[in-house]
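> for reference, the sequence and a predicted model appear below.
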Amino acid sequence: MELGKWMDISEEIQDSIKEKGPVVALESTIISHGMPFPQNLETALEVESIIRKEGALPATIAVIEGRIKIGLSNLELEQFAQGTKTVKVSSRDLPLALSQKQDGGTTVAATMICSRMAGISVFVTGGIGGVHRGSEKTMDISGDLMELSRTNVAVVCAGIKSILDIPRTLEYLETQGVPVIGYRTDEFPAFYTTTSGYSVQSRINTAEEIARCMKVKWELGLDGGLVIANPVLPEDAMDEVVIEEAIAKSLKEASEKGIDGKAVTPFLLERISQLTDGESLKTNIALVFNNALLGARIASAYGHEF
């Protein structure tokens, strides 16, 4: 593929990739659809700062005027954070977004694709998508899971939001052969809380061991990503009863209003934030910072594996 035809990579990131330096991919739907302005911009800038302090380069990925951008400038981040016509771009949407010259926030799935095309192996997000509750009727399963089954990128996340069906998501990942690694935890985190009641496949306690696992997996020719489940810090986690009540009420309202498809998650996140007086947004921001720290360390360790 001639990447230059559809993709622009910032010079410093391009140089680092060529030299096998540590680069961490970052999605952009968290900016365009996950948080309100100005918190989205403030969070994006701080995440990039955390990664740089750890000696790695941040590569925020987005679609701008029909081109995939790997590494946004501060000005581009600001414009993107305030954009009003930004579409949500998953794997199926990339061809349309590029051909129609749209501005788009890339989801986990689309960011994984773009990361792999650019040669970036570590990607940091808040939480991955999963199997939705009631999927036996709706067949609503996030494209993130399919991308994890085939795209060679390690995804650092705080698990999945408990608005989703956690056990079915874990079963799906197992069926697709995707390793689910708990960073210093035996239990899969539930985004806003450190625990879910469900176990990870394996616990790994250092970034170096995770990087080694990545290297072995791909050297064996086992295509697909890895889920690195990194729990939110206990001091930043929400009370389980409070968040579950807010989620249940939000899900009920979404159903009553007939909200479905791509509109569900942004609606739920905004409503949950309202119901928790902004506490869920604070937790969301804190866990992204925590993931950025781990992602930068994994990227640095992975570079040393070569």
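Okay, I see it. Numbering: from 1, shown residues only.

> where do the helices of the stretch 101-250 of the chain begin and end?
108-118, 135-138, 143-148, 166-175, 207-219, 240-256 (DSSP state H, counting those that start in this stretch).

> who's in contact with the residue nearest to residue 115 when sequence neighbours are not counted?
The shortest distance from residue 115 to any non-neighbouring residue, by C-beta to C-beta, 6 or more residues apart in numbering, is to residue 25 (4.1 Å). Where C-beta positions appear, they are placed from N, C-alpha and C, glycine not excepted. Counting by C-beta atoms under 8 Å, 6 or more residues apart in numbering, residue 25 touches 59, 61, 70, 111, 114, 115, 118, 120, 122, 123, 124, 153.

> I'd assumed residue 10 was in contact with the third one.
Yes - the pair formed by residue 70 and residue 10 meets the contact definition of C-beta atoms under 8 Å, at 6.6 Å.

> for the chain, which spans come out with low pLDDT?
1-3, 138, 262, 305-306 (pLDDT under 70).

> what residue of it is the furthest out?
residue 256 (28.4 Å; C-alpha atoms, centre = their mean).

> that older thread, my reading is that the residue nearest to residue 115 lies in a strand. Confirm?
Yes - according to DSSP: H, G, I helix; E, B strand; the rest coil, residue 25 belongs to a strand.

> and stretch 27-38, how far out from the chain middle?
12 Å (C-alpha atoms, centre = their mean, to the nearest Å).

> buried stuff in it?
27, 28, 29, 30, 31, 32, 33, 34, 35 (16 or more other C-beta atoms under 10 Å).

> list the contacts of it.
40-41, 43-44, 60-62, 72, 77, 80-83, 86, 88-89, 104-108, 110-111, 123, 125-126, 265-266, 269-270, 281, 284-285, 288.

> got it, and stretch 168-187?
Against stretch 168-187 from outside (C-beta under 8 Å, 6+ apart): 130-131, 135, 141, 145-146, 148-149, 160, 188-189, 194-205, 210, 213, 217, 222, 224-231, 294.

> would you put the C-alpha positions of it in CSV?
Output in CSV follows, covering the C-alpha atoms of stretch 168-187 (Å, rounded to 0.1, in the frame of the first residue of the first chain):
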residue,chain,number,x,y,z
ARG,A,168,-19.6,-12.5,26.9
THR,A,169,-16.9,-10.0,25.8
LEU,A,170,-14.2,-12.2,27.4
GLU,A,171,-15.7,-15.3,25.9
TYR,A,172,-15.6,-13.6,22.4
LEU,A,173,-11.9,-12.6,22.9
GLU,A,174,-11.0,-16.2,24.0
THR,A,175,-12.7,-17.6,20.9
GLN,A,176,-10.8,-15.2,18.7
GLY,A,177,-7.5,-16.2,20.3
VAL,A,178,-6.8,-12.7,21.8
PRO,A,179,-4.7,-12.8,24.9
VAL,A,180,-6.2,-10.8,27.8
ILE,A,181,-3.4,-9.8,30.2
GLY,A,182,-4.0,-8.2,33.6
TYR,A,183,-1.3,-5.7,34.5
ARG,A,184,-0.7,-6.5,38.2
THR,A,185,-4.2,-7.8,38.5
ASP,A,186,-5.9,-11.2,38.4
GLU,A,187,-9.3,-9.7,37.7
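
> ok, back up a step: dig out what the residue nearest to residue 115 forms beta bridges with.
residue 59, residue 123 (DSSP bridges).

> quick revisit: so which of the contacts of residue 25 is the most crowded?
residue 111 (34 neighbours; other C-beta atoms under 10 Å).
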